[in-house]
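[1] I need the structure of the sequence given here:
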Amino acid sequence: MAKIIAVCKSKKKGTKKKPVAKGVLKDDYGLVGDAHADCCTHRQVSLLATESINKMRGLGFDVGPGDFAENLTTEGIELVSLPVGTHIRIEEEIVLELTQIGKECHIGCAIYRQIGKCIMPKEGVFAKVIRGGLVKVGDTIRVLERAGG
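    Numbering: from 1, shown residues only. Coordinates of the predicted model:
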């Protein structure tokens, strides 16, 4: 079963995020208290699979949840294979819509400065908060559908 491994946030952009026990995802805004949360954008929440982080660990890098500035670290769901427009549900309340796969990595990002390599450009995904709620470590995730499908 797919689940949330970590909920992470930071006060400033361009820095690693720190894991917290739980957080609130607000409709059409993002993770409350995180520097990247904002209305009117398609990148309100970032997600990265722990399987992707483990690839970097396999290369000898000491990295973990939040190090790639992701808000939600997941396990057991192949995020990067889901098409844009897919809706995912966290527990029974939260619904996210995937809006972007990967991103252009800016050289100034914390992980790139530290190790010279980053997986977010290829394996990170971004989402809009369709329906918010409390998110915490251990919450289950499942794919609902593609928007309009």
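[2] going forward, measure contacts and count neighbours with C-alpha atoms only.
    Will do.
[3] helix/strand/coil for the residue nearest the centre of the chain?
    A centroid search over the chain (C-alpha atoms, centre = their mean) returns Leu47, at 1.5 Å, as the residue closest to the centre. Counting by DSSP: H, G, I helix; E, B strand; the rest coil, the backbone at Leu47 sits in strand.
[4] In this structure it contacts Lys128, no?
    No. Using C-alpha atoms under 8 Å, Leu47 is not in contact with Lys128; the gap is 11.1 Å.
[5] What distance do you get for Glu92 to Pro19?
    Glu92 sits 22 Å away from Pro19, going by C-alpha to C-alpha, to the nearest Å.
[6] Looking at the two, which one has more neighbours?
    Shown here are Glu92 and Pro19; by other C-alpha atoms under 10 Å, Pro19 has more neighbours (22 against 11).
[7] nearest spatial neighbour of the more buried one, skipping sequence neighbours?
    Take Pro19 and drop its neighbours on the chain: the residue closest to it by C-alpha to C-alpha, 6 or more residues apart in numbering is Cys8, 4.2 Å away.
[8] Isn't that neighbour up against Glu70?
    Yes. Using C-alpha under 8 Å, Cys8 is in contact with Glu70, at 6.7 Å.
[9] what sits in contact with each of these two?
    By C-alpha atoms under 8 Å, 6 or more residues apart in numbering, Cys8 and Glu70 have these common neighbours: Lys17.
[10] re the thing from before, return the residues in contact with the residue lying closest to the residue nearest to the centre of the chain once chain neighbours are set aside.
    Nearest non-adjacent residue to Leu47, counting by C-alpha to C-alpha, 6+ apart: Leu72, 4.8 Å away. Neighbour list for Leu72: Ile4, Ile5, Ala6, Val7, Cys8, Val45, Ser46, Leu47, Leu48, Gly66 [criterion: C-alpha under 8 Å, 6+ apart].
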